[in-house]
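> please work out how this folds:
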Amino acid sequence: MQRRIEQGQSFSTAGGSPDWQPTLTGTQVTLRPLEAGDFEPLYAVASDPAIWEQHPEPTRWQREVFSKFFTSGLALNGTPAGGTVVVHDTVSGAVIGCSRWYDWNSETREVAIGYTFLARSHWGGTFNRELKALMLRHAFEHATRVWFHVGPNNMRSQQALKRIGARYSHTVIAEPGQGRDTAWFEMNTTDFAAHFP
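Reported below is the predicted structural model:
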């Protein structure tokens, strides 16, 4: 089910079940569900190695590595756990990146936002801020807490999260061979209201 939501509107699905496949429109960015045909335009953006310099997976600019990332995002769509969206420049219509909601927990009312990247032409804060505002506003129709998982050395992403009001919570140290260390940042509804009036 897809719904278009203009910036500032609220949204909820029948019975309170989250719809992680919305179309959200802001003045700078528009989000819509990821589709199989989005691979080439997204890879054209993701093939820039500079995007991934501080990322825990710095080789994601390589086609075969990005292909796995893309496939996992596509597989998330249609599940209750979350959904992946393509990010467009609202004015030009160009594909400029993607992001996800994931790990939805209906009992604790928590969800994560991440796997986000934007073209370097759209770095600088305003595009990312509106992207996060749209995703957070949608999430808080159902969630009481949103988590962000970031590489401990990805200072660029950590600073961006702090600028939108997310607070550092803790770092999870992975067991050898069991993934990567991850810094956890959180935001609740009060934080959101304070930073996105």
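> looking at the chain, which strand is longest?
In terms of residue count, the longest strand belonging to the chain (DSSP state E) is strand 95-105.
> send the alpha carbons of that one over as CSV?
The C-alpha trace of strand 95-105 is given here as CSV (Å, rounded to 0.1, in the frame of the first residue of the first chain):
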residue,chain,number,x,y,z
VAL,A,95,17.7,9.9,-7.9
ILE,A,96,20.1,11.1,-5.2
GLY,A,97,20.2,8.2,-2.7
CYS,A,98,18.1,5.9,-0.5
SER,A,99,17.3,5.0,3.1
ARG,A,100,15.5,2.4,5.2
TRP,A,101,13.3,1.8,8.1
TYR,A,102,14.1,-1.5,9.7
ASP,A,103,14.0,-3.7,12.8
TRP,A,104,10.4,-2.6,13.7
ASN,A,105,9.4,-3.9,17.1
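> mind listing what it pairs with, with the direction of each?
Here strand 95-105 has these sheet partners by DSSP bridges: strand 83-89 (antiparallel), strand 110-118 (antiparallel).
> reformat these as TSV; add mean neighbour count.
The C-beta positions use only the backbone N, C-alpha and C, and glycine is treated the same way. Shown next, in TSV, are these (neighbours: other CB atoms under 10 Å):
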stretch	mean neighbour count
strand 83-89	23
strand 110-118	21
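> nearest to Asn154, out of these?
Closest approach to Asn154 among the strands paired with strand 95-105 (CB to CB): strand 110-118, 11.0 Å.
> returning to that earlier point: got the strands paired with strand 95-105 as TSV, with distance to Asn77 columns?
Formatted as TSV, the strands paired with strand 95-105 follow (distance: least, CB to CB, whole Å):
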stretch	distance to Asn77
strand 83-89	5
strand 110-118	13
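> dump the ones you listed into CSV; add mean pLDDT and distance to Ala194 as well.
Compiled in CSV, the strands paired with strand 95-105 are given as follows (pLDDT from 0 to 100; distance: least, CB to CB, whole Å):
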stretch, mean pLDDT, distance to Ala194
strand 83-89, 98, 25
strand 110-118, 97, 18
